[in-house]
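Participant: pasted the sequence and its predicted model underneath.
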Amino acid sequence: MGKIMRINLSELKVKVEDMPQEYRGLGGRGLSSHIVGREVPPKADPLGPENKLIFSAGILAGTTVPNTGRLSVGAKSPLTNGVKEANAGGSAAQKIARLGFQAVVIEGRAKELTLLKIDKNGATFTPASSLKGVGNYELIERMKKEYGNKISIVSIGPAGEIKLKAASVMVTTPDFHIRVAARGGLGAVMGSKNLKALVIDDTGSNPVEAKDKAKFREAMGALSKAILADPLGPGFRDIGTPVLVMMINSFGCFPTKNYSLGQFEGAEKISGEYMVELMKKRPNAQPSHRCMDGCIVSCSNVYTDEKGEVIVSGLEYETIGLMGSNCMISDLDCIAHMNRVCNDVGVDTMDIGGAIAVAMEAGLLAWGDGKAALSLVKEIGKSTDRGLMIGNGCKFAGEKLGVKRIPHVKGQCLSAYDPRGLKGLGVTYATSPMGGDHTAGIVLPNPGNPSYNPGSPTGQAAPSQFMQTCMAAMDSLGLCMMAGIPLLDPVPQSSLISCISALTGESLDENYLVNLGTSVLKVERKFNDAAGFTEKDDRLPRFFVEEKLPPSGNVFDVPEKEIDSVNKF
Ligand code: SF4
């Protein structure tokens, strides 16, 4: 179990502490949510000095277990006003763990824009006024020049500095592409602390060692086999998450025209299969890419232009759904360019895609006009009135423009799955302490469970509760969802528990993951209750209940009583 490094930015002081008893056994989301739950007043201003920003490595981070290097970023969210954890791949969590830390907790507020560097000698602060307003891509190049290429960078763009509600936190991959802890406006919390970037150099450190090495090796072998045996694995490896475009479109749940249609006539042109064919003709493109060392699934990609210049890595399903079909845009290059601008300025592509769609519904720009949409996204970095409106996310933009149909829960734009046809996921959107988000507990049809009907109005609470609990546990381990979901079956799950037990030297029972996930949801729910959330906040917008979704005619009709049975502890 790593230590906790506390950074007091107001006084530029560093304190290293052994893991306090109340946080023992936690990592990733579990640790960040418990710290927020105990140390941040629930009614605190998310952008005020009482809020804390936590960068937490998962329980398995820094080990050789595949796909376990996700970094959890946690705080009270300025977007939802509740507890928030957003996680990203990249190399930061593994480096934090190898330096001996489970979390870096940022407290207070620096007097001026600051850069924090952590290495084996501790932490150092550098004034960073020269980085004011610098985009993430340029920042990465400057940091590499200054500190070499063994580092990982966690940073914000101009959107975080000016505290936009959709501002995100960027994390570099080992080859210096950008992954994003996108959701909930955590980039604005980082900006409110005047922290431009965290640079981590783990030179001279070693992988985290297991207490029982033989048992650990054996369990890890079983885990790797189970991950590689996942029938969905080859699709994710060869096509990446955009493989979902045609699948979700065929379910009639692909968000189109601000969630007014479930199928998009231009779906094929923004599909993963089309993207791969395009990539074959483009120099330097990589349809398959690893966002972290040790990944054995490789669902990411490197999307280039015709000359071979990198536009973005990776171009993901959620971005394609929210910035593509949902805005009626069927041009992958245009979506990739919008994605790049979002990464550079530092905002969440999903909330921004949702904001553009509501702006289209309000008539600010025409449906399908990719050029106008790209130009609007560029306005975020120029801080025009329209840019600031869009940069504050879907709910803010929709309300400002007087749009009635705003697809959000607790202030956060929904993911790229219409809940009228995927009702278990709709229950997750409604009840997750995180606000509308698929990663909080994705529920999809599963060939292993043919009796589950995603369109039935009943029987949705249990699968949502199960997946929310599992995801809270996975996020606490630092485990990527692509590798984590195949481990939910009883046999690989017992190997996973055995692996953690071998790592920590503690004996863990078969309910370990469920108990871990439940404890995380409990502390998050308690925080949100104290922050003022009620059951009224656990609802989808009325239009999902009242409007039939073409072509299926589905509405979201899960009874409120069933919704309210979820996350009640
Ligand atoms: S499967 Fe995808 S998200 Fe997971 S670690 Fe690999 S590249 Fe990253």
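Facilitator: Ah, there it is.
Participant: hey, let's count contacts and neighbours off CA atoms from now on
Facilitator: Will do.
Participant: which strands and helices sit next to the lengthiest helix in the chain?
Facilitator: The longest helix of the chain (DSSP state H) is helix 512-531. Where contact means 3 or more Cα pairs under 8 Å, 6 or more residues apart in numbering; DSSP states H and E, helix 512-531 is packed against helix 28-39, strand 83-88, helix 461-477.
Participant: wait, which of those is closest to residue 320?
Facilitator: strand 83-88 (18.1 Å; Cα to Cα).
Participant: okay, whatever helix or strand comes next after the closest one in PDB with CA atoms only?
Facilitator: Counting by DSSP states H and E, the next helix or strand C-terminal to strand 83-88 is helix 92-98. Output in PDB follows, covering the C-alpha atoms of helix 92-98 (Å, rounded to 0.1, in the frame of the first residue of the first chain):
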ATOM      1  CA  ALA A  92       0.900   8.800 -14.700                       C
ATOM      2  CA  ALA A  93      -0.700   6.300 -12.300                       C
ATOM      3  CA  GLN A  94       2.000   3.600 -12.800                       C
ATOM      4  CA  LYS A  95       4.700   6.200 -12.100                       C
ATOM      5  CA  ILE A  96       3.000   7.600  -9.000                       C
ATOM      6  CA  ALA A  97       2.700   4.000  -7.700                       C
ATOM      7  CA  ARG A  98       6.300   3.100  -8.500                       C
END
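Participant: re earlier: which residues touch the longest helix of the chain?
Facilitator: Contact with helix 512-531 is made by 29-30, 33-34, 37, 42-43, 81-83, 433, 468-474, 497, 567, 569, as judged by Cα atoms under 8 Å, 6 or more residues apart in numbering.
Participant: re earlier: and of the helices and strands packed on helix 512-531, who's closest to residue 335?
Facilitator: Closest among these, using Cα to Cα: strand 83-88, at 20.6 Å.
Participant: tell me the spacing between residue 155 and residue 136.
Facilitator: From residue 155 over to residue 136 the distance is 7 Å, taken as Cα to Cα, to the nearest Å.
Participant: the two: which has the busier surroundings?
Facilitator: In this view residue 155 and residue 136 are compared by other Cα atoms under 10 Å, and residue 136 has more residues nearby, 30 against 26.
Participant: so what's the more buried one up against?
Facilitator: 155, 156, 157, 170, 343, 344, 345, 346.
Participant: do residue 324 as well
Facilitator: Contacts of residue 324 (Cα under 8 Å, 6+ apart): 270, 330, 331, 332, 335, 353.
Participant: neighbour-wise, which one of those leads?
Facilitator: residue 353 (31 neighbours).
Participant: touching, that residue and residue 328? I think so.
Facilitator: No: judged on Cα atoms under 8 Å, residue 353 makes no contact with residue 328 at a distance of 10.9 Å.
Participant: closest one to residue 74 out of the contacts of residue 324, please.
Facilitator: Once Cα to Cα is applied, the member of the contacts of residue 324 that ends up nearest residue 74 is residue 353, at 23.0 Å.
Participant: how about the residues of this structure near the ligand?
Facilitator: With Cα under 6 Å from any ligand atom as the criterion, the chain comes near the ligand at residues 67, 89, 290, 291, 292, 295, 297, 298, 299, 300, 480, 482.
Participant: of these, which belong to strands?
Facilitator: Under the assignment DSSP state E, these contribute residue 300 to strands.
Participant: now, which of the residues of the chain next to the ligand lie within helices?
Facilitator: Counting by DSSP H, the part of the residues of the chain next to the ligand found in helices is residue 482.
Participant: closest one of the residues of the chain next to the ligand to residue 535?
Facilitator: residue 480 (30.2 Å).
Participant: neighbours around the closest one, how many?
Facilitator: Residue 480 has 22 nearby residues by other Cα under 10 Å.
Participant: contact partners for residue 59?
Facilitator: With Cα under 8 Å, 6+ apart, residue 59 has these contacts: 1, 25, 26, 27, 28, 102, 476, 477, 478, 500.
Participant: ok, now with 10 Å
Facilitator: Counting by Cα atoms under 10 Å, 6 or more residues apart in numbering, residue 59 touches 1-2, 25-31, 68-69, 97, 102, 473-479, 500, 503-504.
Participant: now do the shared contacts for residue 353 and residue 328.
Facilitator: 258, 321, 322.
Participant: reformat the residues you listed as CSV; add secondary structure, neighbour count and distance to residue 201.
Facilitator: CSV is the format used below for the shared contacts of residue 353 and residue 328 (DSSP: H, G, I helix; E, B strand; the rest coil; neighbours: other Cα atoms under 10 Å; distance: Cα to Cα, whole Å):
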residue, secondary structure, neighbour count, distance to residue 201
258, coil, 24, 43
321, helix, 32, 36
322, helix, 33, 35
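Participant: can you redo these as JSON lines with pLDDT?
Facilitator: Output for these, formatted as JSON lines (pLDDT from 0 to 100):
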{"residue": "258", "pLDDT": "98"}
{"residue": "321", "pLDDT": "98"}
{"residue": "322", "pLDDT": "98"}
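Participant: for the strand or helix carrying residue 398, buried residues please.
Facilitator: Element membership for residue 398, per DSSP H and E: helix 394-400. For helix 394-400, the neighbour count (16 or more other Cα atoms under 10 Å) marks 394, 395, 396, 397, 398 as buried.
Participant: and the helices and strands packed on helix 512-531: which comes nearest residue 306?
Facilitator: When these are ranked by distance to residue 306, counting by Cα to Cα, first place goes to strand 83-88 at 28.4 Å.
Participant: quick one: strands adjacent to that closest one?
Facilitator: Here strand 83-88 is paired, per DSSP bridges, with strand 71-76 (antiparallel).
Participant: state the mean pLDDT of the strand it pairs with.
Facilitator: For strand 71-76, mean pLDDT is 98.
Participant: cool, and stretch 213-226?
Facilitator: 96.
Participant: ok, now stretch 507-515?
Facilitator: Stretch 507-515 carries an average pLDDT of 97.
Participant: what about it, distance to the chain center?
Facilitator: 25 Å (Cα atoms, centre = their mean, to the nearest Å).
Participant: what comes up buried for it?
Facilitator: So for stretch 507-515, counting by 16+ other Cα under 10 Å, buried means 512, 513, 514.
Participant: let me have the residues you listed in CSV, extended by distance to residue 316.
Facilitator: Shown next, in CSV, are the buried residues of stretch 507-515 (distance: Cα to Cα, whole Å):
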residue, distance to residue 316
512, 32
513, 28
514, 29
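Participant: now, among the residues you listed, which is nearest to the ligand?
Facilitator: Nearest to the ligand out of the buried residues of stretch 507-515 is residue 513 (Cα to the nearest ligand atom; 19.5 Å).
Participant: surely residue 3 and residue 31 touch.
Facilitator: No: if you go by Cα atoms under 10 Å, residue 3 and residue 31 don't touch, sitting 11.7 Å apart.
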